[in-house]
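Q: What follows is a predicted protein model with its sequence.
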Number of protein chains: 2
Amino acid sequence: MKGLQELYSAKPQLRVCAVNFLNTLPLVWGMVQGPQRGLFELSFTTPAECADRLAMGQAEIGIVPSVELERLKLDILPGAGIACRGPIRSILLISKVAPENIRVLAADAGSRTSVVLAQLILANRYAVRPRLLSRPPELTAMLEEADAAVIIGDPALRLEPASLAYFTLDLGQEWLELTGLPMVFAVWAARRQYVTAELIAAFQDSCRFGRQHLEDIVRAEASRRGIPEMLARHYLHNLLINELGEQEYRGLKVFLERARQLGGRG
Amino acid sequence: MKGLQELYSAKPQLRVCAVNFLNTLPLVWGMVQGPQRGLFELSFTTPAECADRLAMGQAEIGIVPSVELERLKLDILPGAGIACRGPIRSILLISKVAPENIRVLAADAGSRTSVVLAQLILANRYAVRPRLLSRPPELTAMLEEADAAVIIGDPALRLEPASLAYFTLDLGQEWLELTGLPMVFAVWAARRQYVTAELIAAFQDSCRFGRQHLEDIVRAEASRRGIPEMLARHYLHNLLINELGEQEYRGLKVFLERARQLGGRG
């Protein structure tokens, strides 16, 4: 690995912006604990802020929420991202009323992809187009003002849907039922001049390292994030997909097409 | 897979040019027998011809020998190619004399990367710069005219070096000893406008499918290529690397730098 390090250190270090959720850790684990350590200047923030830092030139490479890809005109670094084929457990729509009766939907402004996904599911499967409220991800406060709330990432994993007196939709499962395809929430992306085979390989290698060390991630991260170890293990091993193949990119393409249609109609 | 097929069939099929060697079959196995079947118009030829077809616009995507990458100004499709970390068995320099005494070297014109690699090894490790003859890959004829011959791919696998009364250098092993790095012989490449995350994923998925079905490749291909099954199995499982990571691209970069220096001095 020393060789690669020398190579990169000849240039100014590229700034990599990642998301501070459990689902992102397998992607960056090689950069945090493994062979890609020290290759990049790594920082963590929310999905929306991550996209903004790339847009403003404050980072060269970042995790970009799917809905932001077209607006930002970035190139995808293929092979690694955040996706699922069915239930994902961390992208939840929680509702006081049956889905077909949702009129007002609260969502965290930090998660535009999930909000668009929730709108697509509600429009296509339940024939409703609720009004949107942007609120911090606190379920009780959200449901005081709205019929339903979208909660994503670690805050979703800290909930126990079965113990709540609400309807819960898993938006990964809903998307699979709607389209038969995986849902891609976010991918690594960068401006084209930074994208080389070598760079892509470093990101894929970091992901492969992370997927090979999921148990280390569970031990180091679950309890300090307030997520039960059993759930974190099940989530990382069985629900979350980090190594993206052609089916995932097909799912991404369909999602972007439908998101565009939604925008056009809205 | 039907989804992807529909997607691609909306556009004219991309033409993919591959090399007709055993080492290329894992890369294309998904396109020949697996989920990527029918996505591309696939043809097989020699490494040099493959590069030429891309250069002349007769194919959009192809296996490109490492030395041709810069000349053709193509983009690498990362994650899949032909490489080794140590002995490879199919890139051989066979010599009637000790390597330091080689004055005339015969090589197949269809394999420029191997010829440059042989020249680098002979210059750097044995301090000789032989004159080159371009000849078809027939060992006996080559060694009638030259001190040594470079034989690659299936013709090399049909030889039994231990039973020959000649010196044999495995150029993969020699490269590892010279640089400590993997050697990359060829990669998938295309002009930039064709390179998308989805396309790259299809090529990586085809490679993954091939690596998961090596035994099928051995059974279907070894004997009809005149390669003993035991050798084909060992070669595919233990010597050949098809899934390229950052160390491979580091090796490729060093090879291209040294090839440029060789050109400059020559």
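A: Nice, I can see it.
Q: which outside residues touch stretch A:139-152?
A: A:90-97, A:99, A:101-108, A:111, A:114-115, A:118, A:130, A:133, A:135, A:137, A:159, A:166-167, A:171 (CB atoms under 8 Å, 6 or more residues apart in numbering or on different chains). For the C-beta atoms, the positions are set from N, CA and C on the backbone; glycine is no exception.
Q: now do 6 Å
A: Applying CB atoms under 6 Å, 6 or more residues apart in numbering or on different chains, the contact partners of stretch A:139-152 are A:91-97, A:102-107, A:111, A:114-115, A:118, A:133, A:135, A:137.
Q: neighbours around A:Phe255, how many?
A: Residues lying near A:Phe255 (other CB atoms under 10 Å in any protein chain shown) number 23.
Q: Spell out which parts of the stretch 151-266 of chain A neighbour chain B.
A: Applying CB under 6 Å from any CB of the partner chain, we find that the stretch 151-266 of chain A lies next to chain B at A:Ala197, A:Glu198, A:Ile200, A:Ala201, A:Ala202, A:Asp205, A:Gly245, A:Glu246, A:Tyr249, A:Arg250.
Q: Look up which helix or strand the second one falls in, please.
A: When you say that, I think you mean A:Glu198. Assigned by DSSP states H and E, A:Glu198 belongs to helix A:197-212.
Q: Quick one: work out the angle between that helix and helix B:197-212.
A: The directions of helix A:197-212 and helix B:197-212 differ by 60 degrees, with axes from the mean of the first three to the mean of the last three CA atoms, to 10 degrees as the criterion.
Q: tell me the average confidence for helix A:197-212?
A: What helix A:197-212 shows for mean pLDDT is 96.
Q: which strands and helices sit next to it?
A: Helix A:197-212 is packed against helix A:25-32, strand A:75-84, strand B:75-84, helix B:246-265, with contacts defined by 3 or more CB pairs under 6 Å, 6 or more residues apart in numbering or on different chains; DSSP states H and E.
Q: From the contacts of stretch A:139-152, list the ones also adjacent to chain B.
A: Answer for the contacts of stretch A:139-152 near chain B: none qualify (CB under 6 Å from any CB).
Q: Which ones among these map onto helices?
A: Among the contacts of stretch A:139-152, the members falling in helices (DSSP state H) are A:Ser114, A:Val115, A:Ala118.
Q: check contacts around A:Thr179.
A: Here A:Thr179 is in contact with A:Val254 (CB under 6 Å, 6+ apart).
Q: What distance do you get for it to A:Leu54?
A: Separation of A:Thr179 from A:Leu54 (CB to CB, to the nearest Å): 27 Å.
Q: and what of A:Ala141?
A: Counting by CB to CB, the gap from A:Ala141 to A:Leu54 is 30 Å.
Q: what about these two, which has more around it?
A: Higher neighbour count among A:Ala141 and A:Leu54: A:Leu54, with 23 against 13, using other CB under 10 Å.
Q: Which of the helices or strands spans that one?
A: helix A:47-55.
Q: Need the contact partners of that helix.
A: When contacts are defined by CB under 6 Å, 6+ apart, helix A:47-55 is touched by residues A:Cys17, A:Val19, A:Ala59, A:Gly62, A:Ile63, A:Val64, A:Pro65, A:Glu68, A:Leu72, A:Gly110, A:Ser111.
Q: can you list the weak-confidence ranges in the stretch 151-266 of chain A?
A: Counting by pLDDT under 70, the stretch 151-266 of chain A has low-confidence residues at A:264-266.
Q: Among the contacts of stretch A:139-152, which ones are in strands?
A: Among those, DSSP state E puts A:Ile91, A:Leu92, A:Leu93, A:Ile94, A:Ser95, A:Val104, A:Leu105, A:Ala106, A:Ala107, A:Leu133 in strands.
Q: Turn those residues into TSV, including neighbour count and distance to B:Ala186.
A: Formatted as TSV, the ones in strands among the contacts of stretch A:139-152 follow (neighbours: other CB atoms under 10 Å in any protein chain shown; distance: CB to CB, whole Å):
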residue	neighbour count	distance to B:Ala186
A:Ile91	28	41
A:Leu92	26	47
A:Leu93	26	48
A:Ile94	20	52
A:Ser95	22	55
A:Val104	14	58
A:Leu105	23	52
A:Ala106	27	54
A:Ala107	25	48
A:Leu133	14	55
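Q: residues contacting A:Gly110?
A: A:Gly110 makes contact with A:Thr46, A:Ala48, according to CB under 6 Å, 6+ apart.
Q: try 7 Å
A: By CB atoms under 7 Å, 6 or more residues apart in numbering or on different chains, A:Gly110 lies in contact with A:Thr46, A:Pro47, A:Ala48.
Q: Kindly report the same for A:Asp75.
A: Per CB under 7 Å, 6+ apart, neighbours of A:Asp75: A:Ala189, A:Ala190, A:Arg191, A:Arg192, A:Val195.
Q: Point out the other helices and strands that the helix or strand the first one falls within packs with.
A: It stands for A:Ala189. For A:Ala189, the element it lies in under DSSP H and E is strand A:183-190. If contacts are counted by 3 or more CB pairs under 7 Å, 6 or more residues apart in numbering or on different chains; DSSP states H and E, strand A:183-190 sits against strand A:61-65, strand A:75-84, helix A:112-126, helix A:246-265.
Q: buried residues in the first helix or strand past the shortest one going along the chain?
A: Yep, that's strand A:61-65 we're talking about. Per DSSP H and E, the first helix or strand lying C-terminal to strand A:61-65 is helix A:69-72. Neighbour counts over helix A:69-72 (16 or more other CB atoms under 10 Å in any protein chain shown) mark A:Leu69, A:Leu72 as buried.
Q: Give me the mean pLDDT for helix A:69-72.
A: Regarding helix A:69-72, the rounded mean pLDDT is 86.
Q: is chain B contacted by that helix?
A: No. Applying CB under 7 Å from any CB of the partner chain, one finds helix A:69-72 separated from chain B by no less than 9.8 Å.
Q: Mind giving me the packing neighbours of that helix?
A: Short answer (3+ CB pairs under 7 Å, 6+ apart): helix A:69-72 packs on helix A:47-55.
Q: could you dump the helix it packs on to PDB, C-alpha only?
A: Coordinates of the C-alpha atoms in helix A:47-55 are reproduced here as PDB (Å, rounded to 0.1, in the frame of the first residue of the first chain):
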ATOM      1  CA  PRO A  47     -26.400  13.500   2.800                       C
ATOM      2  CA  ALA A  48     -27.600  17.000   1.600                       C
ATOM      3  CA  GLU A  49     -24.600  18.800   3.000                       C
ATOM      4  CA  CYS A  50     -22.300  16.200   1.300                       C
ATOM      5  CA  ALA A  51     -23.900  17.100  -2.100                       C
ATOM      6  CA  ASP A  52     -23.500  20.900  -1.300                       C
ATOM      7  CA  ARG A  53     -19.800  20.600  -0.400                       C
ATOM      8  CA  LEU A  54     -19.200  19.000  -3.800                       C
ATOM      9  CA  ALA A  55     -21.300  21.600  -5.600                       C
END
